[in-house]
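Asks: model the structure of this input:
(one chain, ligands or ions: 1)
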Amino acid sequence: MSNILIDYKNQIAYLTINRPKALNALNKDIFDELKAFFKEGYQEYDDLAGVIITGSGDKAFAAGADIKEFLPLMEQDNPPNLSKRGQDIFFLIERFHKPVIALVNGFALGGGLELAMSCHIRIATPNAKFGLPETNLGLIPGYGGTIRLASLIGKARATELMITAGMIDAATAEKFGLASYVLEAEEAIAKAEKIISTSSTKGPTAVAKCLEQVFHPKSDYISEHEYFTVLLQSEECREGVSAFLEKRKPNF
Ligand code: DAK
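Replies: Numbers count the residues shown, from 1 in each chain. Purely as a prediction, here's the structure:
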């Protein structure tokens, strides 16, 4: 991979979008590399506990899909369905079985915010800026952004942000629930690492099922009782309950 740097330490894969001169705008290669990692590539990393996605440099997480790639595609007779392609790749992230955290370290605009919103948790640095400015280009967000933004911050706020192509700062994003925390860069990484390392001490199937239940439920109540019943009969749950009763840490 060349547009995305991958570093693996302490069971965490750090994915850094690496086009700082273009404010980490998401080009085709980046989409292909994200797909490759979340579809199969992650299997190379033994004992993976979670993923942190961030942008290279200190200015942008990702300032959108690469606008410079649009024009030739628009002129094709049968342009590829890029919206569907982007949606499918972002579903792979949202439906990943380990926690994926976006460390939003600057502009997260358009496709960049859509990427951050497909992650399970967002942590922002104070300079982060969030927006879906597609209407500036005569477009709508095409990678799940209309739906995810409304679900995260409510329909009225999402509508205003999209139809005005506005931007909100990190403090407002935190207030709206779009970012869980606003922290200086080093603390932001430490916080993301702590969330992942803590979750790695919990029952792995239970963690995966929490993610699935929140982000990709079969039907909220049916899948909750199905998963609860399966987990209740599992070794994992037996160990968790035994450890509590024996006043020791569980060994999952
Ligand atoms: N794409 C390509 N290059 C970008 C870019 C982008 N999204 N954003 C920034 N850059 C490049 C700039 O062109 C500039 O490159 P050079 O001119 O130096 O070669 C470099 O990054 C630095 O940017 P600026 O000089 O503009 O930096 P400033 O600090 O002055 O401004 C900014 C920062 C983030 C406010 C500004 O760069 C900006 O407004 N960027 C564009 C934001 C944006 O509109 N993003 C796209 C949202 S729409 C589609 C499906 C989906 C989509 C589109 C099509 N199809 C199915 C066809 C989705 C689209 C989106 O994501």
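
Asks: centre of the chain versus the one helix or strand in the chain whose mean pLDDT sits lowest, how much separation?
Replies: Among the helical and strand segments of the chain, the one scoring lowest on mean pLDDT, DSSP states H and E is helix 70-74, with a mean of 81. Helix 70-74 sits 27 Å away from the centroid of its parent chain (Cα atoms, centre = their mean, to the nearest Å).

Asks: just after it, pick out the following helix or strand.
Replies: With elements assigned by DSSP states H and E, the helix or strand that comes after helix 70-74 is helix 82-94.

Asks: which of the residues in that following helix are buried?
Replies: Of the residues in helix 82-94, those scored as buried under the neighbour-count criterion (16 or more other Cβ atoms under 10 Å) are 82, 85, 86, 87, 89, 90, 91, 92, 93, 94. C-beta: built from backbone N, CA, C; applies to glycine.

Asks: can you narrow those to ones near the ligand?
Replies: residue 82 (Cβ under 6 Å from any ligand atom).

Asks: lowest-confidence entry in the buried residues of helix 82-94?
Replies: Per-residue confidence over those reaches its minimum at residue 82, where pLDDT is 85.

Asks: that one contacts residue 76, doesn't it?
Replies: No: judged on Cβ atoms under 8 Å, residue 82 makes no contact with residue 76 at a distance of 10.9 Å.

Asks: is residue 234 in contact with residue 205, as I believe?
Replies: Yes: using Cβ under 8 Å, residue 234 is in contact with residue 205, at 6.6 Å.

Asks: neighbour count winner among those two?
Replies: Comparing residue 234 with residue 205 by neighbour count (other Cβ atoms under 10 Å), the higher total belongs to residue 205, at 17 against 14.

Asks: ok, residue 27 - contacts?
Replies: For residue 27, the contact set (Cβ atoms under 8 Å, 6 or more residues apart in numbering) comprises 3, 19, 66, 69.

Asks: which of those residues count as buried?
Replies: Applying a neighbour-count criterion of 16+ other Cβ under 10 Å, the buried members of these are 3, 19, 66.

Asks: quick one: the first one from residue 236, how far?
Replies: Remark: distance between residue 3 and residue 236 (Cβ to Cβ, to the nearest Å) = 38 Å.

Asks: all strands for the stretch 1-150 of the chain, in order.
Replies: For the stretch 1-150 of the chain, applying DSSP state E, counting those that start in this stretch gives strands covering 4-9, 12-17, 50-55, 60-62, 100-104, 107-109, 121-124, 129-131.

Asks: contacts for the fourth one?
Replies: Residues from elsewhere that reach strand 60-62, judged by Cβ under 8 Å, 6+ apart: 17, 20, 23-26, 54-55, 102-109, 111-112, 115-116, 128.

Asks: from the chain's centre, how far out does it sit?
Replies: Taking the mean C-alpha point of strand 60-62 and that of its whole chain, the gap between them comes to 13 Å (Cα atoms, centre = their mean).
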